[in-house]
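**Q** below are the sequence and a predicted model; questions follow.
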Amino acid sequence: MTSTTASPTAPGRTPTRRGLGDPLALGVEATLLAAAVVVGAVLNARGAGLHADAAPLYGTWRPHVGWGSPAALLVAVGVVGWGARWARTARWGLLLGVAWLTAVAWTLSLALVDGWSAGLAERLTPQAEYLHEVPRVTDVRATLAGFTDRILDFQPDAWSTHTAGHPPGALLIFVGLDRVGLGGGAAAALACVLLGATVAVSVPVTLRALGAADAARAVLPFLVLLPGAVWVGASADGIFAAVVAAGLALLAVRGRVTAAAGGVALGFALHLSYGFLLVGVLALTVLALRRTHRWGALLAACAGVAAVTAVFVAAGFQWWVGYHLVVERYYQGWAADRPYAYWVWANLAALLLSAGPVLGPALRRVLSAARSRWQASGGPLPARVAAAARDAGPTVLLPLAALVAVLGADLSGLSKAEVERIWLPFVVWLLVATAWLPAGSRRWWLAAQAATALAVNHLVWTVS
């Protein structure tokens, strides 16, 4: 029996043998998720300190509906019914604009399942969030100079959880919004939604710039119906994902000026989350995939990162000092209780709910393609690696780079729970693997993605 799967330049057109690969991948996903839920429930009953009532998700089991429910269903039906077909033929600029608007509608609808106040306006106002600290920032330069002094807990004026756990760039975003008259929870939440939805533009732009125009169109509907939109609306991680994706897109576009701008964006991203050191894997992959001026773009990007870092250092914040203190703060809190033996694999179940059930089958095809490229290459090991990488293209290398980043974060022990939102900046690049799905199956996979988001949002009361 035969079917079709995707190639880096013409998704859905390369014939390949069909087997039990997809059912097996789905079976593995279902088993992993079921095990994480059951073991999590048992551990919670025993008081094991998971600090996640709906483990592997950080939230509480609470079936509910809201006035966002019919809107989310309507968006899902529209994208599933016409999204993939329209994405193949629409004018590029129009397609990107509609993709962003639809992603905004999808994210807002999911958030409003919980209601305006609980889903958006009050989502970022608890004591643990950045907005709690905004009124206390009266002098930005002084705040940066003394930022690391307030990272450790159990001391006067210690930062709240989210502010302490991140470099100061994250706090500065919300301080900036407040300074321009967009203070408060509603404005902050809408900023997360509006910016977070731009990943549906940045990722396809990156693929197109790297010579995978057909793949960009194939992937786009999956970015619009991202199950992780449950956490984009509203958490700061939606903004983080947007900044990372924009930076990588700028690296991919021709020109050293755009590469330098990409470096600036990624340098700022490094000051949004310490974990974004792992974005370097994706950045190097994008630079390696550029068609021209790779070394010039690399130098320009490094200059951009260095410039941002220098500005923060001049203002008094040193990233490496903050990192060491954050590791200590991490184990002053719930991380000391949360068992690594559970979360090191349950994190992957949470990732599945954020990326959707399409992840396993799509990655299976990517790994198969990578193996084929490796087997077709020959010669000494360095030459073989270079040849395999050159032949693989962005639809193979970008998901693999994101996978390496995720596994690095997982094994580090510094990502125990809450990864369904923390790993959003990597999830959107994992979904590049959907370019390899057979064209005729994409509508069904999109339906499964939408069903996952709707089920999570209606069964679990998520927490940002």
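**A** Everything's here; your move. Numbers count the residues shown, from 1 in each chain.

**Q** state whether residue 279 is indeed within a strand.
**A** No. Residue 279 is assigned helix when assessed by DSSP: H, G, I helix; E, B strand; the rest coil, not a strand.

**Q** so what's it closest to, chain neighbours aside?
**A** Counting by CB to CB, 6 or more residues apart in numbering, residue 279 lies nearest to residue 244, which is 5.6 Å off, once chain neighbours are set aside. Heads up, the C-betas are built off the backbone N, CA and C, glycines and all.

**Q** hmm, residue 276 and the one you found touching each other?
**A** Yes. Counting by CB atoms under 8 Å, residue 244 touches residue 276, with 6.7 Å between them.

**Q** which neighbours do those two share?
**A** Counting by CB atoms under 8 Å, 6 or more residues apart in numbering, the contacts common to residue 244 and residue 276 are 266, 269, 425.

**Q** check contacts around the second one.
**A** By that I understand residue 269. Residue 269 makes contacts with 169, 240, 243-244, 247, 276, 279, 425, as judged by CB under 8 Å, 6+ apart.

**Q** adding secondary structure and neighbour count, write those out as TSV.
**A** As requested, these are arranged in TSV below (DSSP: H, G, I helix; E, B strand; the rest coil; neighbours: other CB atoms under 10 Å):
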residue	secondary structure	neighbour count
169	helix	22
240	helix	27
243	helix	25
244	helix	28
247	helix	30
276	helix	26
279	helix	24
425	helix	30
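
**Q** adding pLDDT and distance to residue 293, write the residues you listed out as CSV.
**A** Formatted as CSV, these follow (pLDDT from 0 to 100; distance: CB to CB, whole Å):
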residue, pLDDT, distance to residue 293
169, 97, 29
240, 98, 28
243, 98, 24
244, 98, 22
247, 98, 18
276, 97, 25
279, 98, 21
425, 98, 26
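
**Q** can you list those in JSON lines and add distance to residue 405?
**A** As requested, these are exported to JSON lines (distance: CB to CB, whole Å):
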{"residue": "169", "distance to residue 405": "19"}
{"residue": "240", "distance to residue 405": "13"}
{"residue": "243", "distance to residue 405": "15"}
{"residue": "244", "distance to residue 405": "10"}
{"residue": "247", "distance to residue 405": "14"}
{"residue": "276", "distance to residue 405": "9"}
{"residue": "279", "distance to residue 405": "7"}
{"residue": "425", "distance to residue 405": "9"}
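
**Q** from those, which is closest to residue 35?
**A** Comparing these against residue 35 with CB to CB picks out residue 425 as the nearest, at 26.4 Å.

**Q** where does this structure have its least confident helix or strand?
**A** Sorting the helices and strands of the chain by mean pLDDT, DSSP states H and E puts strand 2-5 at the bottom, at a mean of 34.

**Q** does residue 203 count as helix, strand or coil?
**A** Residue 203 is classified as helix under three-state DSSP.

**Q** all helices of the stretch 301-450 of the chain, in order?
**A** 319-330, 340-355, 359-376, 381-392, 394-412, 419-422, 424-430, 442-459 (DSSP state H, counting those that start in this stretch).

**Q** now the first one - C-alpha only, PDB.
**A** Backbone C-alpha positions of helix 319-330 (Å, rounded to 0.1, in the frame of the first residue of the first chain) are rendered in PDB as follows:
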ATOM      1  CA  TRP A 319      23.200  37.500  33.200                       C
ATOM      2  CA  TRP A 320      25.600  34.900  34.500                       C
ATOM      3  CA  VAL A 321      25.300  36.200  38.100                       C
ATOM      4  CA  GLY A 322      21.500  36.100  37.800                       C
ATOM      5  CA  TYR A 323      21.600  32.600  36.500                       C
ATOM      6  CA  HIS A 324      23.500  31.200  39.400                       C
ATOM      7  CA  LEU A 325      21.200  32.900  41.900                       C
ATOM      8  CA  VAL A 326      18.100  31.700  40.100                       C
ATOM      9  CA  VAL A 327      19.300  28.100  40.400                       C
ATOM     10  CA  GLU A 328      19.500  28.600  44.100                       C
ATOM     11  CA  ARG A 329      16.100  30.400  44.200                       C
ATOM     12  CA  TYR A 330      14.600  27.500  42.200                       C
END
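
**Q** check which residues of that helix are buried.
**A** By 16 or more other CB atoms under 10 Å, the buried positions in helix 319-330 come out as 319, 322, 325-326, 329-330.

**Q** count of neighbours near the closest residue in space to residue 53 that isn't next to it in sequence?
**A** Using CB to CB, 6+ apart and skipping residues adjacent in sequence, the residue nearest residue 53 is residue 60, 4.6 Å away. Residue 60 has 12 neighbours, counted by other CB atoms under 10 Å.

**Q** elements contacting the host helix or strand of residue 60?
**A** Using DSSP states H and E, residue 60 maps to strand 59-61. If contacts are counted by 3 or more CB pairs under 8 Å, 6 or more residues apart in numbering; DSSP states H and E, strand 59-61 sits against strand 460-462.

**Q** what about the strand it packs on, distance to the chain center?
**A** 19 Å (CA atoms, centre = their mean, to the nearest Å).

**Q** contacts for that strand next, please.
**A** By CB under 8 Å, 6+ apart, strand 460-462 touches 54, 57-62, 64, 114, 230-231, 456.

**Q** and stretch 309-327, by the same measure?
**A** Stretch 309-327 is contacted from outside by 140-141, 144-148, 151-152, 164-169, 267, 270-271, 274, 414, using CB under 8 Å, 6+ apart.

**Q** again, only using 6 Å
**A** Contact with stretch 309-327 is made by 141, 144-145, 147-148, 151, 167-168, 267, 271, 274, as judged by CB atoms under 6 Å, 6 or more residues apart in numbering.
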